[in-house]
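[1] predicted model follows, preceded by the sequence.
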Amino acid sequence: MATPFSHTVLTRWLKEHEKELQPPICNKLLSAGQLKIMFVGGKKANDRGDYHIEDGEEFFFMIKGDMCLKVLEKGKHRDIVIKEGQAFLLPPRIPHSPQRTANSLGLVIERERQPGDMDTLQWFVDGTTDVLWRQNFLCSDLGKDLVKVVKNFKSSYEGKNGKKRPEGGNLNDDIKPIMPLPRPLDHKSALADPLAIDDWVKSNGESLKKGFVDLYKGQNFHVQVACGSTKLALITHPSEGFYYLMRGSAELKETGSSFKVSMADSSIVVISPKTQHSLILGKDALLISLTWPSAPEEDCNVATPGEMPRLERESVYANFDENGELKMDDFGGGTENYSNSSSQ
């Protein structure tokens, strides 16, 4: 029987999966429903020269250490430094290249790909905005699917030489080095600076006494924050709901049933769509909430820890094994090596 909530303690989950946070991407998927929830980082720095382009927004939050998000903003290169404890919402169709140092850890959330969506990886000629190599692909698991494209690039003439192949030369490899973009890039958006959550909470103290306050209201994602001794009743999200308790304690209870979850520092809960519930936050609690209000209506049940995600639909973006069986990452339990009292 599917449960309305999936509860994961991040520190335990990391302890089980930290060995999987490996270059080049250093990524591990936690939940593969409507919200693609992943953690990126680990003991080694990532190894990325590519720029990722997708049709949905991406939410970033740095739990430990800093990262540099290289972007192409209005046709020009820009480095956005997201520091520990800071959040950032990236609009769709912005080329971006996350650069992560060793012993860092970040949360990244993307939306489920929709019919017609196509991801892209591209590389630039060093020091320019001239595209060196580009490949489009269907994405189901960013950490796995990107690795395949990175390997394709590194084995190409462009990847080996850092320059474009001779004009008109096919090099007998039948490779089209620069695929056309499936959709235009966003060349108009001016990107805001990242937000430091603790500073933002201090400046929004009065509003937060009343309940959730908007941190971001983007094209896809609605990100809110709640804190302090607060009781929030009769909450319902049209999509999966994501809660991350940075610190303190909280209790989450399904309306009309006895099902509840006791949350502590670094607890993560993913809630099935349209599940009515209430939240009781402890005195020192600080909670981040993320939903996708415009998500398509569909059956999507989250998994309980230790079980396979139960998706009551099939997707062309899912991973299938050689026998045609759906493959998904399982849930586990995170490591004290990455815990940080100032940001959890």
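    Great, that's in hand.
[2] quick one, helices of the chain?
    With DSSP state H as the criterion, the chain has helices at 10-17, 142-154, 157-161, 197-203, 205-208.
[3] can you dump the C-alpha coordinates of the longest one into CSV?
    Output for helix 142-154, consisting of C-alpha atoms alone and laid out as CSV, is shown next (Å, rounded to 0.1, in the frame of the first residue of the first chain):
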residue,chain,number,x,y,z
LEU,A,142,20.7,13.6,-14.8
GLY,A,143,23.7,12.0,-13.0
LYS,A,144,23.6,9.0,-15.3
ASP,A,145,22.5,10.5,-18.6
LEU,A,146,24.9,13.4,-18.5
VAL,A,147,27.9,11.0,-18.0
LYS,A,148,27.1,9.3,-21.4
VAL,A,149,27.1,12.7,-23.2
VAL,A,150,30.3,13.8,-21.5
LYS,A,151,32.0,10.6,-22.6
ASN,A,152,30.8,11.2,-26.2
PHE,A,153,32.3,14.7,-26.1
LYS,A,154,35.6,13.6,-24.6
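[4] starting at the chain centroid, how far to that helix?
    From the chain centre to the centre of helix 142-154 is a distance of 17 Å (Cα atoms, centre = their mean, to the nearest Å).
[5] go on, the third one?
    Counting by Cα atoms, centre = their mean, helix 157-161 is centred 30 Å from the centre of its parent chain.
[6] which secondary structure elements does that helix sit against?
    The contact analysis (3 or more Cβ pairs under 8 Å, 6 or more residues apart in numbering; DSSP states H and E) places helix 157-161 against strand 131-137. C-betas here are computed from N, CA, C, even on glycine.
[7] quick one on the thing from earlier: among the helices of the chain, which is the most enclosed?
    Most buried of the helices of the chain by mean neighbour count (mean count of other Cβ atoms under 10 Å) is helix 10-17; its value is a mean of 20.
[8] and that one, C-alpha only, in CSV?
    Provided in CSV are the C-alpha atoms of helix 10-17 (Å, rounded to 0.1, in the frame of the first residue of the first chain):
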residue,chain,number,x,y,z
LEU,A,10,19.7,13.2,5.0
THR,A,11,22.6,12.4,7.3
ARG,A,12,21.8,8.7,7.2
TRP,A,13,21.0,8.7,3.5
LEU,A,14,24.4,10.3,2.7
LYS,A,15,26.2,7.7,4.8
GLU,A,16,24.8,5.0,2.6
HIS,A,17,25.2,6.8,-0.7
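[9] state the mean pLDDT of it.
    Here helix 10-17 scores 94 as its mean pLDDT.
[10] by mean pLDDT, show me the worst of the helices of the chain.
    helix 142-154 (a mean of 86).
[11] for residue 97, give the beta-bridge partners.
    The partner list for residue 97 in beta bridges (DSSP bridges) reads residue 70.
[12] got a list of what it touches?
    Remark: with contacts taken as Cβ atoms under 8 Å, 6 or more residues apart in numbering, residue 97 is in contact with 48, 49, 50, 51, 52, 69, 70, 71.
[13] between these, which has the most around it?
    Neighbour count (other Cβ atoms under 10 Å) singles out residue 50 as the most crowded of the contacts of residue 97, with 24 neighbours.
[14] now that one, nearest residue through space, not along the chain?
    residue 121 (4.5 Å; Cβ to Cβ, 6 or more residues apart in numbering).
[15] and residue 190, how many neighbours?
    By the criterion of other Cβ under 10 Å, residue 190 has 6 neighbours.
[16] quick one: contacts for it?
    The contact partners of residue 190, by Cβ under 8 Å, 6+ apart, come to 73, 74.
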